[in-house]
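Peer 1: have a look at this prediction, sequence included:
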There are 2 protein chains.
Amino acid sequence: MDQSKGNPPRPTLQDVADATGVTLATASRALNGTYGVHPETRRRVLEAAAQLDYKANRFARGLVTGRSNAIGLIISDIRNSYFAETARGAEDAAYTAGLDILLCNSDVDSDKQMHYINSLIEKRVDGIIMNSVATLTKVEQDYIAASGIPVVLLTRAADCPMFSTVCADNERGGRLIAECLLAHNHRKAVHLTGPRNHTNLAMRAKGFLDGFRQAGDADATVVHGVHTMEGGYQMARNLLRSPYKITAISTANDAMAFGVIKAALEIGVRIPEDVSLAGFDDVELAALVHPPLTTIRQPKYEMGAAALEMIVKLTNAKHRMPEHRVLGVELVERSSVSKPRPQR
Amino acid sequence: MDQSKGNPPRPTLQDVADATGVTLATASRALNGTYGVHPETRRRVLEAAAQLDYKANRFARGLVTGRSNAIGLIISDIRNSYFAETARGAEDAAYTAGLDILLCNSDVDSDKQMHYINSLIEKRVDGIIMNSVATLTKVEQDYIAASGIPVVLLTRAADCPMFSTVCADNERGGRLIAECLLAHNHRKAVHLTGPRNHTNLAMRAKGFLDGFRQAGDADATVVHGVHTMEGGYQMARNLLRSPYKITAISTANDAMAFGVIKAALEIGVRIPEDVSLAGFDDVELAALVHPPLTTIRQPKYEMGAAALEMIVKLTNAKHRMPEHRVLGVELVERSSVSKPRPQR
DNA sequence: CTGAAAGCGCTTACAG
DNA sequence: CTGAAAGCGCTTACAG
């Protein structure tokens, strides 16, 4: 009942060497590499190790190899299903690669973010995957780069040239939404988005605008605000309560779209009868909300997995040239977009 | 541009000792404990360390102290917002305690779970927090206990006497639902739940049954199935398509309730006009779904935080008596429960 | 308050 | 294919 302290002494490599009648070195080689050990010797070492339930001391190993077999994952908040999805992709890839994931929630707080980065460097992680880098200064970038630890950013981040990146094809996503709206005969639309310095979001807005303007008779505007459900709610309230001409709203992410739904419900504007709505992300909720949301599916899981694979690749590479990966997106049509009402 | 390999040599403790003109030992003491070092010496060591951007090698430290300052968190799936919420609570607590969280997704696969446990033991984690233990055999329990690593389970788990536990007051939650239904004049209800061996769920069913039966004229039954959205969907289809007498459905978790909503929508049964519905968990989605779900709020974040604190406490304790914590729950009334129709 | 020294448990050239 | 030995970078009794 009493899980007494003083962990029972664990068998060491010396113990298995003794049990087998070989030296430390041979035992080590038998356990690790496959080469340079007589099969029979190897078998006996493995047997003894299993018998003693030997587990290599990771500290000792790390001390000599300099590798931790862990990678840090810094995200804003794991409760955000977008990041949970990404984290799962990374974790699964880490599992098969025999790596550990150190979970860090930065809350987009740059102090907290730097604290984590420092801590991860201190732990000699084999790599760092992180999302929000809007706030990474040049000095911080240099600092991280100087550690020699490979970094992959979950953003386009043209302003961080020394780090690898993986992200969805945000621009194409924006364009797909525009095309969908156009196909449903919308000619006046607004795109609700976040701050201008958020690269992923900016690309979505760009794609949307470009796509919409392609149709000569169409007109779209972009409104900047806070890219959260609350932000979408506020922006929609302002938009929908004043006399408006638009027939469709596009939001930079699903969370904002949920805010729009809430505001519309309160004000008595029906979706899609009175105004169509499209999100971006295809979060789990998007399919369950009312009305089910037309949105862009981002390969979140795959992005996490890809990020981890890139780290592994960088770890084993001689030259660490940053790599940039853009993953495809697709339009998911549900019921929040329909033809506009005849007249308004 | 080229993050070349061969991490630049990091300063060691020897370097800061040299820079200060003291020995390794003194430098170490100055950096770690506060005691036994002349304030001025200490100041100079700290200064030199900062100057060199010295970071202690965790491997070397771990090798001698035997502690990793990391704790393993094994959950079914981080994409499940219930676990994400719990994970966040644990991570925040870990952050303030200076500990790392190693994220492990077991998928309720007992092999994967044991694999992770093994790996965590190997890494000398300071503790393990885990949810699903339905499948932990006595042998496995003994094995884990033998490692001397403190464990806290996110379940009641009366069958794991040597591990600490933290969970919500499931029984009371079940009772609150029953009372809510009763207060709305329901007299015939069904409780949809998962497998019998799932302790948390069993307690909810028990509370529900006890509460419902307290009213002499009321009648409740429990139906076992799969405790997922899909499971709830299937169970509701069977239930609602056959002639039924019940006026209310209670589910063992919110996911199942979402399945019920989906089935009801398909069949044309209105909630709450035709049948009332109550969930359990108060997942984020519960407030956003249609109709907003009446449910039991579990302190998920707090459970995660509590689990981590218990680990810290156990780590520092001389005698490791398992501790059991039950956190309060509360009823969240939304619109999925109303008075039953006059007659059916 | 500080130093000299042992030792934590491995891996990895270097010989043989 | 195997052994003897150095060394990774710390912490911590043990002296002084």
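Peer 2: Arrived safely, thanks for sending.
Peer 1: I'd like the distance from stretch A:16-27 to the chain centre, please.
Peer 2: Relative to its parent chain, stretch A:16-27 has a centroid offset of 45 Å by C-alpha atoms, centre = their mean, to the nearest Å.
Peer 1: ugh, typo on my part, it should be stretch A:175-184
Peer 2: Remark: stretch A:175-184 is offset 26 Å from the chain centroid, using C-alpha atoms, centre = their mean.
Peer 1: buried ones in that stretch, by neighbour count?
Peer 2: Residues of stretch A:175-184 classed as buried by neighbour count (16 or more other C-beta atoms under 10 Å in any protein chain shown): A:175-182, A:184. For every residue, glycine as well, the C-beta is placed using N, CA and C.
Peer 1: so for it, mean pLDDT?
Peer 2: Averaging pLDDT along stretch A:175-184 gives 97.
Peer 1: returning to that earlier point: just the buried residues of stretch A:175-184 that are near chain B?
Peer 2: Among those, proximity to chain B is found for none (C-beta under 8 Å from any C-beta of the partner chain).
Peer 1: looking at these, which is nearest residue A:213?
Peer 2: Nearest to residue A:213 among these is residue A:178, at 8.4 Å by C-beta to C-beta.
Peer 1: name the element that closest one belongs to?
Peer 2: Using DSSP states H and E, residue A:178 sits in helix A:170-183.
Peer 1: what's that helix packed up against?
Peer 2: Helices and strands touching helix A:170-183, by 3 or more C-beta pairs under 8 Å, 6 or more residues apart in numbering or on different chains; DSSP states H and E, are strand A:188-193, helix A:199-214, strand A:248-251, strand A:276-278, strand A:295-297, strand A:330-332.
Peer 1: residues in contact with it?
Peer 2: Helix A:170-183 is contacted from outside by A:156, A:189, A:191, A:200-201, A:203-212, A:214-215, A:218, A:220, A:248, A:250, A:276, A:278, A:280, A:294, A:296, A:298, A:328-331, A:333, A:337, using C-beta atoms under 8 Å, 6 or more residues apart in numbering or on different chains.
Peer 1: hmm, back to that, so which of the helices and strands packed on helix A:170-183 is nearest residue A:74?
Peer 2: The closest of these to residue A:74 is helix A:199-214. By C-beta to C-beta, the value is 16.0 Å.
Peer 1: contacts only, for residue A:52.
Peer 2: Counting by C-beta under 8 Å, 6+ apart, residue A:52 touches A:11, A:15-16, A:19.
Peer 1: stretch A:245-253: which residues count as buried?
Peer 2: Quick answer for stretch A:245-253 (16+ other C-beta under 10 Å): A:246-253.
Peer 1: switch these over to CSV; also include distance to residue B:238 and pLDDT.
Peer 2: Below are the buried residues of stretch A:245-253 laid out as CSV (distance: C-beta to C-beta, whole Å; pLDDT from 0 to 100):
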residue, distance to residue B:238, pLDDT
A:246, 46, 92
A:247, 43, 95
A:248, 41, 97
A:249, 40, 98
A:250, 41, 98
A:251, 39, 98
A:252, 42, 97
A:253, 38, 95
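Peer 1: list the contacts of the nearest residue to residue A:245 once chain neighbours are set aside.
Peer 2: Residue nearest to residue A:245 in three dimensions, not counting chain neighbours: residue A:188, with 5.4 Å by C-beta to C-beta, 6 or more residues apart in numbering or on different chains. Residue A:188 makes contact with A:218-220, A:245-248 under the criterion C-beta under 8 Å, 6+ apart.
Peer 1: could you redo the last one with a cut-off of 10 Å?
Peer 2: Residues in contact with residue A:188 (C-beta atoms under 10 Å, 6 or more residues apart in numbering or on different chains) are A:181, A:212, A:217-221, A:244-248, A:340, A:344.
Peer 1: by pLDDT, give me the weakest of the residues you listed.
Peer 2: Within the set of these, pLDDT is lowest for residue A:344 (44).
Peer 1: on that earlier part again, which of the buried residues of stretch A:245-253 lies closest to DNA strand C?
Peer 2: residue A:253 (45.0 Å; C-beta to the nearest atom of the strand).
Peer 1: the closest one against residue A:300, yeah?
Peer 2: No - between residue A:253 and residue A:300 there is no contact under C-beta atoms under 10 Å: 11.8 Å.
Peer 1: what's the overlap in contacts for the two?
Peer 2: Common contact partners of residue A:253 and residue A:300 (C-beta under 10 Å, 6+ apart): A:82, A:281, A:283.
Peer 1: let me know the closest of the contacts of residue A:52 to DNA strand D.
Peer 2: Out of the contacts of residue A:52, the member with the shortest distance to DNA strand D (by C-beta to the nearest atom of the strand) is residue A:16, at 12.0 Å.
Peer 1: the contacts of residue A:52 in helices, which ones?
Peer 2: Among the contacts of residue A:52, the residues falling in helices (DSSP state H) are A:15-16, A:19.
Peer 1: burial count for the closest residue to residue A:127 other than its chain neighbours?
Peer 2: Once flanking residues are discounted, residue A:127 sits nearest to residue A:311: 3.4 Å by C-beta to C-beta, 6+ apart. By other C-beta atoms under 10 Å in any protein chain shown, the residues close to residue A:311 number 27.
Peer 1: how much space is there between residue A:311 and residue B:173?
Peer 2: Distance, residue A:311 to residue B:173, by C-beta to C-beta, to the nearest Å: 42 Å.
Peer 1: so where's the stretch 151-300 of chain A shaky on pLDDT?
Peer 2: Judged by pLDDT under 70, the stretch 151-300 of chain A has its weakly predicted residues at A:158.
Peer 1: residues of stretch A:9-29 that come out buried?
Peer 2: For stretch A:9-29, by 16+ other C-beta under 10 Å, it's A:10-13, A:15-20, A:22, A:26-29.
Peer 1: among those residues, which are in reach of DNA strand D?
Peer 2: Filtering these for neighbours of DNA strand D using C-beta under 7 Å from any atom of the strand leaves A:22, A:26, A:29.
Peer 1: now render these as CSV, adding secondary structure and pLDDT.
Peer 2: What follows is these, written out as CSV (DSSP: H, G, I helix; E, B strand; the rest coil; pLDDT from 0 to 100):
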residue, secondary structure, pLDDT
A:22, coil, 89
A:26, helix, 90
A:29, helix, 89
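Peer 1: residue of the stretch 201-344 of chain A closest to DNA strand D, please.
Peer 2: Residue nearest to DNA strand D within the stretch 201-344 of chain A (C-beta to the nearest atom of the strand): residue A:315, separated by 18.8 Å.
Peer 1: got the contacts of residue A:188 as JSON lines, with distance to DNA strand D and secondary structure columns?
Peer 2: Below are the contacts of residue A:188 laid out as JSON lines (distance: C-beta to the nearest atom of the strand, whole Å; DSSP: H, G, I helix; E, B strand; the rest coil):
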{"residue": "A:181", "distance to DNA strand D": "58", "secondary structure": "helix"}
{"residue": "A:212", "distance to DNA strand D": "57", "secondary structure": "helix"}
{"residue": "A:217", "distance to DNA strand D": "68", "secondary structure": "coil"}
{"residue": "A:218", "distance to DNA strand D": "62", "secondary structure": "coil"}
{"residue": "A:219", "distance to DNA strand D": "62", "secondary structure": "strand"}
{"residue": "A:220", "distance to DNA strand D": "57", "secondary structure": "strand"}
{"residue": "A:221", "distance to DNA strand D": "56", "secondary structure": "strand"}
{"residue": "A:244", "distance to DNA strand D": "63", "secondary structure": "coil"}
{"residue": "A:245", "distance to DNA strand D": "66", "secondary structure": "coil"}
{"residue": "A:246", "distance to DNA strand D": "61", "secondary structure": "coil"}
{"residue": "A:247", "distance to DNA strand D": "64", "secondary structure": "coil"}
{"residue": "A:248", "distance to DNA strand D": "59", "secondary structure": "strand"}
{"residue": "A:340", "distance to DNA strand D": "66", "secondary structure": "coil"}
{"residue": "A:344", "distance to DNA strand D": "70", "secondary structure": "coil"}
